[in-house]
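Asker: Predicted model and sequence below, questions to follow.
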Amino acid sequence: MPTILIIEDEAKMRRLLELNLGDDGFKTLSAGDAETGLKLLASEPVHLVLTDLKLPGMNGLEFLQTAKQQDPALPIVVMTAFGSVETAVEAMKAGASDYVLKPFSLAEMRMVVHKELDNSRLREENRSLREALGQKYSHPNIVAISPKMQEVLATVERVAPTNSTVLLGGESGVGKDLIARAIHEKSRRASGPFVKINSTAIPENLLESELFGYERGAFTGAATSKPGKFELADKGTLFLDEIGDVPPAIQVKLLRVLQEREFERLGGTRTIKVDVRLIAATNRDLRAALEDGTFREDLYYRLNVVPIDIPPLREHKEDISGLANLFLARFAKDSGREEEEKIAGISPAAMQFLVGHYWPGNVRELQNVIERACALAQGGQLEVSDIQLDSPRNRNHAASDRDRFLPDGMTLDQWEDEMIREALKRASGNKSQAARLLGLSRNALRYRLSKIGIEDNEGE
């Protein structure tokens with residue numbers, strides 16, 4: 001039952017409104033002055049306020065401003081004499097929902113009250129819906145405006161509450177560790193540990209002891225016993241990155257842990273049981289590894305319960321702007337510059353340049369580029385000249401296949417587009433100079449710019 005607060009200094013009018021609104025099923029509170037009205041607002045939940053503008057002591061406009069500071073969403077209808085329309089308009093500017101001119105009919109007042117309560121309910125429903133939609137597929141430090149990344153986060157939402165093993169796939173630098181942490185933080189294990197281990201960062205002869213621990217005397221130098229990552233992750237989540245590079249001997253022990261939730265430490269005989277959820281990640285094609293015999297088929301199917309493929313950055317360029325601004329805010333804050341010298345943003349031309357890049361190193365490369373730009377920039381915002389990208393020629397120089405003309409995964413059109421952007425960068429955005437660097441006529445460059453969505457200014 002909605003509660004309506006009536007603030008009116010005329011006792012007869014106040015009583016008339018109480019009776020009339022009470023007949024409509026509303027609960028009413030009443031006050032003869034604004035100060036009493038504010039006390040009632042602080043003590044009881046109120047859904048709508050009716051207040052006269054002309055009140056003893058604090059006037060209705062002052063009451064409105066104070067009440068709106070406390071609860072901006074509270075609908076307030078003001079009552080005023082016919083000759084004070086300008087004051088009513090001022091009240092609307094201050095946040096009043098509506099106003100009613102005196103003298104008014106009770107039917108008119110009931111209509112205004114019902115309308116404002118309905119509007120308030122709809123606003124609250126819309127706000128709740130927007131919050132639900134915004135929170136459903138969002139996570140701190142993950143920018144996911146694009147449909148592809150929204151799909152990834154939707155899968156995260158569905159799989160997080162379960163205990164299913166997850167296999168994250170995607171190129172290096174796409175953010176697999178962030179997705180793994182999001183799954184952990186949205187799961188029932190969120191209060192437990194999140195333990196991460198990268199199998200390529202640990203020598204093969206030490207990986208087994210890192211995962212499963214070891215007993216004293218298990219090998220030369222093992223003066224004490226040490227628990228492994230599986231024990232440390234008990235009641236939580238273990239994120240095993242680069243699972244495709246785990247040696248075959250350790251794959252056997254991983255399979256047993258996944259099947260039976262138990263293992264023995266290196267050099268030990270006591271069986272240790274653990275409650276660990278495993279999230280694995282790889283940038284390799286594990287199906288190809290199955291075919292060449294470097295990865296166990298039974299382990300693959302144990303890991304691949306819920307596969308989540310994270311797209312490369314070039315396939316969700318809608319997120320580049322948000323990611324760039326996220327990294328900018330992070331690095332500008334830690335830059336050590338004085339407050340007035342901190343970088344405040346990214347120029348439109350620089351953002352267009354970032355969006356147009358191929359990003360073979362994905363989100364990690366973008367992060368490094370923004371950090372480098374923040375360290376070297378001299379102005380108040382990042383410009384095209386501040387952004388230093390690795391040359392495609394340098395990236396391809398160390399390729400194992402010396403017969404390739406193009407970087408891995410890049411088409412001829414994409415190579416041409418990147419060369420145009422590189423020329424624009426070297427020419428500091430001057431189109432005529434960029435055309436000379438490329439050996440093109442100005443019209444030929446204009447045509448190519450239109451193909452890749454870069455605005456051309458005739459005056460340059």
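Answerer: Structure's in. What do you need?
Asker: mind listing the strands in the stretch 101-250 of the chain by residue range?
Answerer: In chain order, the stretch 101-250 of the chain shows strands spanning 166-169, 194-198, 237-241, with DSSP state E, counting those that start in this stretch as the criterion.
Asker: I'd like the ones you listed as JSON lines, with distance to residue 295, mean neighbour count and mean pLDDT appended.
Answerer: (Each C-beta comes from the backbone N, C-alpha and C, glycine too.) JSON lines is the format used below for the strands of the stretch 101-250 of the chain (distance: least, CB to CB, whole Å; neighbours: other CB atoms under 10 Å; pLDDT from 0 to 100):
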{"stretch": "strand 166-169", "distance to residue 295": "12", "mean neighbour count": "22", "mean pLDDT": "94"}
{"stretch": "strand 194-198", "distance to residue 295": "17", "mean neighbour count": "17", "mean pLDDT": "93"}
{"stretch": "strand 237-241", "distance to residue 295": "13", "mean neighbour count": "23", "mean pLDDT": "95"}
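Asker: Using a markdown table, lay out these together with distance to residue 313.
Answerer: Formatted as a markdown table, these follow (distance: least, CB to CB, whole Å):
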| stretch | distance to residue 313 |
| --- | --- |
| strand 166-169 | 15 |
| strand 194-198 | 21 |
| strand 237-241 | 19 |
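Asker: Residue 316 is nearest to which of those strands?
Answerer: Each of the strands of the stretch 101-250 of the chain has some distance to residue 316 by CB to CB; the shortest is strand 166-169, at 15.2 Å.
Asker: ok, and what's touching the closest one?
Answerer: When contacts are defined by CB atoms under 8 Å, 6 or more residues apart in numbering, strand 166-169 is touched by residues 159, 176, 179-180, 183, 243, 278-283, 286, 303-310.
Asker: Tell me which of the strands of the stretch 101-250 of the chain approaches residue 89 most closely.
Answerer: Among those, the nearest to residue 89 by CB to CB is strand 194-198 (56.6 Å).
Asker: so what's the nearest residue to residue 39 once chain neighbours are set aside bridging to?
Answerer: Using CB to CB, 6 or more residues apart in numbering and skipping residues adjacent in sequence, the residue nearest residue 39 is residue 31, 7.9 Å away. The residues paired with residue 31 through beta bridges, assigned by DSSP bridges, are residue 7.
Asker: I figured residue 31 was touching residue 7, is that so?
Answerer: Yes. Counting by CB atoms under 8 Å, residue 7 is a contact partner of residue 31 at 4.9 Å.
Asker: what touches both of the two?
Answerer: Common contact partners of residue 31 and residue 7 (CB under 8 Å, 6+ apart): residue 37.
Asker: Between these two, which has more neighbouring residues?
Answerer: Looking at residue 31 and residue 7 with other CB atoms under 10 Å, you find the greater number of neighbours at residue 7, namely 30 against 22.
Asker: Now do the more buried one against residue 253, distance only.
Answerer: Look at residue 7 and residue 253: by CB to CB, to the nearest Å, they are 74 Å apart.
Asker: Now the strand or helix carrying residue 79: buried residues?
Answerer: Counting by DSSP states H and E, the element that carries residue 79 is strand 76-81. The neighbour-count check on strand 76-81 (16 or more other CB atoms under 10 Å) flags 76, 77, 78, 79, 80 as buried.
Asker: Just to be sure, which of the contacts of strand 166-169 are found in strands?
Answerer: 278, 279, 280, 281, 282, 306, 307, 308, 309 (DSSP state E).
Asker: out of the residues you listed, which one sits closest to residue 299?
Answerer: Among these, residue 280 lies closest to residue 299 (CB to CB), at 9.6 Å.
Asker: Quick one: residues contacting that closest one.
Answerer: 165, 166, 167, 168, 239, 240, 241, 243, 303.
Asker: any chance of those residues in TSV, plus distance to residue 290?
Answerer: Conversion of these to TSV gives the following (distance: CB to CB, whole Å):
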residue	distance to residue 290
165	17
166	19
167	13
168	18
239	22
240	18
241	20
243	13
303	12
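Asker: which two in those are spaced the farthest apart?
Answerer: Checked with CB to CB, the contacts of residue 280 reach their widest spread between 165 and 241, with 14.5 Å between them.
Asker: quick one on the thing from earlier: and the pLDDT at the residue nearest to residue 39?
Answerer: What the model reports as pLDDT for residue 31 is 94.
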